[in-house]
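S.K.: Structure for the following, please:
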Amino acid sequence: MKNLKLKANPLLPTLRENNRYIRVNLYSAKPFIVSKKDFEISLQRHLLSIFGELAFSKLNYSISDFDVAKKEFIFRTNTEFMFDVIACLLLVSEINNIKVRPKIISVSGTIKKVREAK
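M.R.: Residues are numbered from 1 along each chain as shown. Here you go, the predicted model:
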């Protein structure tokens, strides 16, 4: 009997979840320093309060890049919830009791294009 190797069939491109990358800048009236961990905790609480646990689990989000000096970050999510996530990001008004105003700089399907956008 021959050794049979089972091969896992990859998903078809039409069945894969496509990612969207959102580049966001944070503004504040007074200077502030926020760490990536504090920002992630604050953002996670905000997303949970708006979406709830079920929709939050479907977001499939992550923070790719976080620049503390520029107060910029790149947020990855799937295309299905992209507009909901953008609306939620714009509703963030406080991080660690500091008033902030987020601004969406660019949205793209590749992280390279988001990094190049001005």
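S.K.: ok, what's across the strand from the residue nearest to residue 32 when sequence neighbours are not counted?
M.R.: Excluding the flanking residues, the one nearest residue 32 by C-beta to C-beta, 6 or more residues apart in numbering is residue 98, at 4.7 Å. For every residue, glycine as well, the C-beta is placed using N, CA and C. Counting by DSSP bridges, residue 98 is bridged to residue 95.
S.K.: Residue 98 and residue 29 touch, don't they?
M.R.: No: the criterion here is C-beta atoms under 8 Å, and residue 98 misses it with residue 29 at 9.3 Å.
S.K.: Pick out whichever of the two has more residues nearby.
M.R.: residue 98 (16 against 9; other C-beta atoms under 10 Å).
S.K.: residue contacts, the more buried one?
M.R.: Contact analysis of residue 98 by C-beta atoms under 8 Å, 6 or more residues apart in numbering lists 28, 30, 32, 34.
S.K.: Which helix or which strand is home to the second one?
M.R.: The reference is to residue 30. Assigned by DSSP states H and E, residue 30 belongs to neither a helix nor a strand.
S.K.: count of neighbours near it?
M.R.: Residue 30 has 6 nearby residues by other C-beta under 10 Å.
S.K.: contacting residues around it?
M.R.: Applying C-beta under 8 Å, 6+ apart to residue 30 gives the contacts residue 98.
S.K.: From residue 52, how far off is it?
M.R.: 33 Å (C-beta to C-beta, to the nearest Å).
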